[in-house]
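Asks: Have a look at this fold, sequence not included:
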């Protein structure tokens, strides 16, 4: 029973985290180049304000529950076990991209004003979009692998 609760919780949290990564990318990435500097700053600041605190809890909690599922997964040499492990590794990669690349970029952007925005802001924006795509792909693939591990359980 504990395993089922852990699996359900991990999958639910992973779905929510993947949605948080996927939604803004899907809604904004193809249009980023048409936004003015002021619009880009506003979008980045709004996303940071709305997502920073909840994601500080949701993403680590997701990883904790995924670790529990991998730890409890029977048998440890099955394809399902390896799929759940791949899912865990991929969401951990998404976390690393967030911490190492995305958060420092956002911290830069939220300090900008109309008067202080650097001339190279389009390069910063493009780097942000590129790494956001990496994070989205890692999280979607993580979700797919973790979900597929259910099909190969036992």
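Replies: Cool, the structure landed. None of these values were measured; they are calculated from a predicted model. Residues are numbered from 1 along each chain as shown.
Asks: Output the contacting helices and strands for the helix or strand hosting residue 142.
Replies: Using DSSP states H and E, the element containing residue 142 is helix 121-151. For helix 121-151, the elements it packs on are helix 2-28, helix 37-72, helix 79-97, helix 103-109, judged by 3 or more CB pairs under 8 Å, 6 or more residues apart in numbering; DSSP states H and E. Quick note: C-beta positions are derived from backbone N, CA and C, even for glycine.
Asks: other SSEs contacting the shortest one?
Replies: It stands for helix 103-109. Using 3+ CB pairs under 8 Å, 6+ apart as the test, helix 103-109 ends up in contact with helix 37-72, helix 121-151.
Asks: Buried residues in it, which are they?
Replies: Residues 105-106, 109 are the ones in helix 103-109 that count as buried (16 or more other CB atoms under 10 Å).
Asks: Likewise for the third one?
Replies: Burial within helix 79-97, assessed by neighbour count using 16+ other CB under 10 Å, is assigned to 80-88, 90-95, 97.
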